[in-house]
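Trainee: Sequence and predicted structure below; questions after.
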Amino acid sequence: DSEIITCAIVTPGNAGDASAAQDLIGDLLEDQGSVGSDDLIASADQSDPTEDVDEIDRPTVYGDNAYGTGSFHDRLEQAGIDSRCKTQDPAGELFTKDRFDINLTDDTVTCPAGVRVAISRNRSGGVAKFADACTPCQMSHQCTSATQGRTISINSHEAALTRARNSQRDPVWHDDYRATRPKVERKFAHLMRRKHGGRRARVRGLLRVGNDFSLLAGAANLARMAKLQARSNPCGGWEVAM
């Protein structure tokens, strides 16, 4: 809410955004390391039986589709952190993956026509192949154009991805994301309005670029603190004018 930048990490140009996500919120993960979902539920039971668990002040992480990976969702769940990282929904003109019933308990996948096949597990998660079942199927033209039949890939964090997609369909989740995301975009604009490495690196080398960007972020913080009329207090902290 303060729009103060507390951490900035520079990665190689070929690295995905989510690769640095856990480092960006390392302090938050440390604070929540000993407080998981079960602990939050237990604390709610001990405090007030009429209090809803959702009303407990839980930390929340926001991010666009680049951060909505299964591994990152899973890491946030383990730490008891609410995820507002958007997860890309399956897309395509034919039957999308969400039209298939994926049962991770039985390790099976059922297609829209009712055909059920077992999931073959591998290092990346697994795969469900319908193969010859697609040939006589009257719905095959709506499902696949592959000669070997439809194939469904199962992510190693499929359960976390499914929960994330279900959560983001909630209007409350959507409204919260829409209300917070513009703050991030506005901060990007603040970093780009001066020609100081916000859009293009001014130096060479990852370490130098990182130091240069941290300097830019610090300058943006000073401008924001001036806007908030922040001042130090006798306790050694900071306070803003109300």
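Mentor: Sure thing, it's come through. Residues are numbered from 1 along each chain as shown.

Trainee: after the helix or strand bottoming out on mean pLDDT in the chain, next one along is what?
Mentor: Least confident helix or strand of the chain, by mean pLDDT, DSSP states H and E, is helix 37-47 with a mean of 45. Sequence order places strand 60-63 as the next helix or strand after helix 37-47, per DSSP states H and E.

Trainee: What strand or helix carries the nearest residue to Thr96 once chain neighbours are set aside?
Mentor: The shortest distance from Thr96 to any non-neighbouring residue, by CB to CB, 6 or more residues apart in numbering, is to Pro90 (3.8 Å). Any C-beta I mention is one placed from the backbone N, CA and C, and that applies to glycine too. Using DSSP H and E, Pro90 maps to neither a helix nor a strand.

Trainee: Could you tell me the phi and psi values at Pro90?
Mentor: When read as degrees, to the nearest 10, the backbone of Pro90 gives phi -60, psi 140.

Trainee: Please report how far it lies from Lys129.
Mentor: To Lys129, Pro90 is 18 Å away according to CB to CB, to the nearest Å.

Trainee: So which of those two has more stuff around it?
Mentor: A count of neighbours by other CB atoms under 10 Å puts Lys129 above the other of Pro90 and Lys129, at 17 against 11.

Trainee: so that one touches Val117, yeah?
Mentor: Yes - at 6.6 Å, Lys129 and Val117 qualify as touching, with contact defined as CB atoms under 8 Å.

Trainee: What's the local residue count around the residue nearest to His174 when sequence neighbours are not counted?
Mentor: Nearest residue to His174, sequence neighbours excluded (CB to CB, 6+ apart): Gln168, at 6.6 Å. Per other CB under 10 Å, the neighbour tally for Gln168 reads 17.

Trainee: And the strands in this structure?
Mentor: 60-63, 82-85, 101-103, 108-110, 116-118, 120-122, 125-129, 151-155, 231-232, 238-239 (DSSP state E).

Trainee: Would you map the helices across this protein?
Mentor: Applying DSSP state H to the chain gives helices spanning 21-24, 26-31, 37-47, 70-78, 140-143, 158-167, 171-192, 206-227.

Trainee: Looks like the residue nearest to Thr96 contacts Phe100 (just checking).
Mentor: No - applying CB under 8 Å, one finds Pro90 not in contact with Phe100, separated by 9.5 Å.

Trainee: of all the strands of the chain, which lies closest to His174?
Mentor: strand 82-85 (9.8 Å; CB to CB).

Trainee: The closest one - which strands sit beside it in the sheet, and in what orientation?
Mentor: Partner strands and pairing direction for strand 82-85 (DSSP bridges) are strand 60-63 (parallel).

Trainee: Which pLDDT does the model give the residue nearest to Thr96?
Mentor: pLDDT recorded at Pro90 is 86.

Trainee: With respect to burial, which of the helices of the chain scores highest?
Mentor: helix 70-78 (a mean of 20; mean count of other CB atoms under 10 Å).

Trainee: How far does that one sit from its chain's centre?
Mentor: Mean-position distance between helix 70-78 and its chain equals 8 Å (CA atoms, centre = their mean, to the nearest Å).
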